[in-house]
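*Asks:* Following is a predicted model, sequence given first.
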Amino acid sequence: MLRAGLEDLENETQAKHDRAFVDLTPEQQATLLKPRAQADAALPYDQSFFKILKDYTLVGYFHSEIGATQALAYEQIPGGYEADIPLRPGQKAWAI
């Protein structure tokens, strides 16, 4: 589903803009993605290109060095297991 959706997105981009999706401005990219997100909203996860794309993007980001260290609180060697620790207002979630 993801590969077919990416190919379809690239074909639409080439047809409308005569260049690759990555070469478009953020506004042009959003214009192409918004209708897909709306169309996929009612679809189950395994049939939704946009939901899968969003999920993979988030997983990739939060598993990257910058996502795990700047967006999440990171401990290279965490202490013992503590279930259900309340977060202070504005505190980052923990990377695992």
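*Replies:* Noted; the coordinates are in hand.

*Asks:* contacts and neighbour counts: CA atoms only from here.
*Replies:* Fine.

*Asks:* what's the distance between the residue nearest the centre of the chain and R88?
*Replies:* With distances taken as C-alpha atoms, centre = their mean, T57 lies nearest the centre of the chain, 2.8 Å away. To R88, T57 is 27 Å away according to C-alpha to C-alpha, to the nearest Å.

*Asks:* Next: Q28.
*Replies:* Q28 is 38 Å from R88, by C-alpha to C-alpha.

*Asks:* any weak-confidence spans in this protein?
*Replies:* In the predicted model, the chain carries pLDDT under 70 at residues 78, 96.

*Asks:* Show which residue of it lies farthest from the average position.
*Replies:* The chain, C-alpha atoms, centre = their mean, max distance from centroid: G80 (30.4 Å).

*Asks:* mind checking the backbone torsions on it?
*Replies:* Per-residue torsions, G80: phi -70, psi 170 (degrees, to the nearest 10).
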